[in-house]
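>>> sharing a sequence plus its predicted fold:
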Amino acid sequence: MNIKGPCFCIGERKNEPDTYLYEMIQMSDDGLTRARTWQWFKNDRLFQRTLIDESRVSLDWSAYEGVDPLYDEITL
């Protein structure tokens, strides 16, 4: 599946019930890079932003890493 344009999602921290984030993902047209922005809120007030720039290293990430990632702290 190819995603064009920005994608948005919301996550909450399991161990901090009053903390949540909004994530925006912007994909490049060639699918080789993406930029993600996390806006963190605590008690409904913005307290932190995380900016992430990523580049594709393999079309088969599970073979590249050798393991599946664990996302225990963030639920989507």
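Noted; the coordinates are in hand.
>>> from Glu23, how far out is Leu46?
Distance from Leu46 to Glu23, counting by Cβ to Cβ, to the nearest Å: 14 Å. Every residue, glycine included, has its C-beta placed from N, CA and C.
>>> higher neighbour count, these two?
Per other Cβ atoms under 10 Å, whichever of Leu46 and Glu23 has more neighbours is Glu23, with 17 against 10.
>>> got the CA coordinates for the helix or strand the more buried one falls within in CSV?
Using DSSP states H and E, Glu23 falls within strand 16-27. Extracted as CSV, the C-alpha positions of strand 16-27 are listed here (Å, rounded to 0.1, in the frame of the first residue of the first chain):
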residue,chain,number,x,y,z
GLU,A,16,0.9,7.8,32.0
PRO,A,17,-2.9,8.1,31.5
ASP,A,18,-2.9,11.9,31.2
THR,A,19,-0.2,11.9,28.5
TYR,A,20,-0.9,11.4,24.8
LEU,A,21,0.5,12.3,21.4
TYR,A,22,-0.5,13.3,18.0
GLU,A,23,1.7,12.0,15.2
MET,A,24,1.9,13.3,11.6
ILE,A,25,3.7,11.2,9.0
GLN,A,26,4.7,12.8,5.7
MET,A,27,5.9,10.3,3.0
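>>> and that strand, which strands flank it?
The strands that strand 16-27 pairs with in its sheet are strand 6-13 (antiparallel), strand 33-42 (antiparallel) (by DSSP bridges).
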